[in-house]
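Engineer: Compute the structure for the input listed below.
(one chain, ligands or ions: 1)
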Amino acid sequence: MNEITIPLDIKSLKIIAQTIDKNGNIIIDVESVNTCSSCHKCGKPATKHNGTAPMRLIRHLPIFDTPVYLRITPVRYSCEDCDDHPTTTEQYDWCDRNATTTKGLEEYLMRCLIHSTIEDVSKKEKISCQIIQTILDRQIKVEVDWEKVHGIETLGIDEIAIKKGYRSYVTVVSAKTQEGSLKIIAILNGRDNELIKSFLESIPLHVKKKIKTVCTDMFDSFVNAAIDVFGVQTLVIDRYHVSQLYRKALDKLRIKETSRLKGELDENDYAELEGMMWILRRDHECLSKADKEKLELLYQYSPLLKKAHRYALKLTHIFNTHSHRKSAMAKMNRWIKSVEKSELACFNKFISTLKKYQPYIANYFKARKNSGFVEGLNNKIKVAKRRCYGLVKVTTIFQRLFLDLQGYECYA
Ligand SMILES: [Zn+2]
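Structural biologist: Prediction:
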């Protein structure tokens with residue numbers, strides 16, 4: 001017979017028998033090598049045998065892609081120390097009380113769930129969704145365990161819309177540690193100022209003291225909560241959010257100019273032009289020489305677009321250049337004055353936003369703390385949401401993100 005012998009990976013169990021049941025599952029009959037259980041009343045070891053509890057069938061890690069079950073009849077012990085000699089059923093360190101899966105299997109399933117869905121893992125491992133959900137709830141807390149959070153340097157606050165077409169948002173609070181690892185801190189049900197503020201206030205002092213930067217977008221509820229709790233110096237509005245705004249302004253002008261040119265140019269010239277509008281949307285550094293030549297042509301047709309594009313690039317350049325906060329402020333001010341003097345109107349709205357948040361935008365230059373990680377996190381959430389279709393409960397979002405971000409750390 002082609003057989004192999006491998007040791008059971010749970011040292012406190014002795015194998016009594018092994019069989020294969022009619023469904024092809026591997027059944028291993030085991031008994032515990034322990035000779036006592038701690039009394040549920042006094043906590044001292046109870047050593048006197050007092051019958052058995054009902055048999056338990058506990059699923060363990062698969063072997064050769066075949067489900068494995070441990071079959072055990074727990075021993076009951078009575079306590080000699082307590083007057084009424086209460087009976088305690090033995091508990092195991094390899095399996096939670098009442099669980100139908102071993103801890104080893106649970107950890108394996110948690111690894112499977114990283115970047116995956118409950119439905120998918122259920123199909124692959126042939127374990128019901130409900131059991132996997134129960135295990136997930138047992139393994140992953142639904143909120144941050146501050147005891148396990150150390151060295152947070154940067155906090156990020158951002159929001160995501162959880163229902164398409166509805167004005168329904170959750171706030172995502174994330175963090176980056178000194179070592180550069182990402183942590184999910186909280187998913188808050190809503191995004192109003194009081195909610196955010198009271199959460200920030202609830203952060204334990206030992207954690208709060210170490211936070212040097214809080215990154216948000218230009219959403220007043222976040223901005224004001226961050227200022228109230230952490231102060232003006234700590235708040236950084238990420239350049240990414242700023243660039244999104246002026247790119248959007250440029251894009252609006254592009255659309256306007258496109259439709260103007262469509263009416264004015266003959267068909268062939270317009271077709272040629274249309275194919276190059278995308279160039280405007282790319283980072284200038286990424287453009288090839290040919291692209292830049294095409295851009296020149298576009299510039300000839302639309303001097304306004306040329307001007308706006310140049311201004312956008314100038315502002316990007318300010319952010320790309322290493323400056324002190326003060327000189328960056330001065331550069332931004334010069335940029336604003338220059339745009340205001342020009343005939344361009346496309347940046348008007350952007351400029352009033354820029355002025356309003358300029359001190360916090362300029363804080364970026366102090367430590368060049370970029371909240372790119374917050375955006376990276378948001379992308380992960382978007383992907384997680386797509387995977388876990390209908391993820392609306394904040395606790396579920398927290399659990400899934402925790403697994404995606406810290407799963408390999410916890411279940412290595
Ligand atoms: Zn006792």
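Engineer: OK, contacts around the nearest residue to Asn363 once chain neighbours are set aside?
Structural biologist: Leaving aside its chain neighbours, Asn363 sits nearest to Val236 (4.6 Å; criterion: C-beta to C-beta, 6 or more residues apart in numbering). Placement of C-beta: from N, CA and C, glycine included. Residues in contact with Val236 (C-beta atoms under 8 Å, 6 or more residues apart in numbering) are Thr213, Val214, Cys215, Thr216, Tyr360, Asn363, Tyr364, Lys366, Ala367, Lys369, Ser371.
Engineer: quick one: buried residues of the helix or strand encompassing Val207?
Structural biologist: Assessed by DSSP states H and E, Val207 sits inside helix 205-208. Residues Val207 are the ones in helix 205-208 that count as buried (16 or more other C-beta atoms under 10 Å).
Engineer: Equivalent analysis for stretch 41-50, please.
Structural biologist: Per 16+ other C-beta under 10 Å, stretch 41-50 contains these buried residues: Lys41, Pro45, Ala46.
Engineer: Can you redo the residues you listed as CSV, where the extra columns are distance to Thr66, pLDDT and secondary structure?
Structural biologist: CSV is the format used below for those (distance: C-beta to C-beta, whole Å; pLDDT from 0 to 100; DSSP: H, G, I helix; E, B strand; the rest coil):
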residue, distance to Thr66, pLDDT, secondary structure
Lys41, 41, 90, coil
Pro45, 37, 93, strand
Ala46, 37, 93, strand
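Engineer: List the strands paired with the one helix or strand Gln18 maps to, with their directions.
Structural biologist: Taking DSSP H and E as the criterion, Gln18 maps to strand 13-20. Applying DSSP bridges, strand 13-20 is found paired with strand 26-32 (antiparallel).
Engineer: Quick check: which helices or strands does the helix or strand just after the partner strand pack against?
Structural biologist: Once strand 26-32 ends, the next helix or strand along the chain (criterion: DSSP H and E) is strand 37-38. If contacts are counted by 3 or more C-beta pairs under 8 Å, 6 or more residues apart in numbering; DSSP states H and E, strand 37-38 sits against strand 45-46, strand 87-89.
Engineer: Mind giving me the packing neighbours of the helix or strand just after the first one?
Structural biologist: What it means is strand 45-46. Next helix or strand after strand 45-46 toward the C-terminus (DSSP H and E): strand 48-52. Applying 3+ C-beta pairs under 8 Å, 6+ apart, one finds that strand 48-52 contacts strand 75-78.
Engineer: Quick check: residues of the stretch 51-200 of the chain near the ion?
Structural biologist: Residues of the stretch 51-200 of the chain lying near the ion by C-beta under 5 Å from the ion: Cys79, Asp81, Cys82.
Engineer: okay if I get those residues as a markdown table plus distance to Tyr301, pLDDT and neighbour count?
Structural biologist: Converted to a markdown table, these look like this (distance: C-beta to C-beta, whole Å; pLDDT from 0 to 100; neighbours: other C-beta atoms under 10 Å):
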| residue | distance to Tyr301 | pLDDT | neighbour count |
| --- | --- | --- | --- |
| Cys79 | 91 | 93 | 25 |
| Asp81 | 93 | 92 | 14 |
| Cys82 | 92 | 92 | 15 |
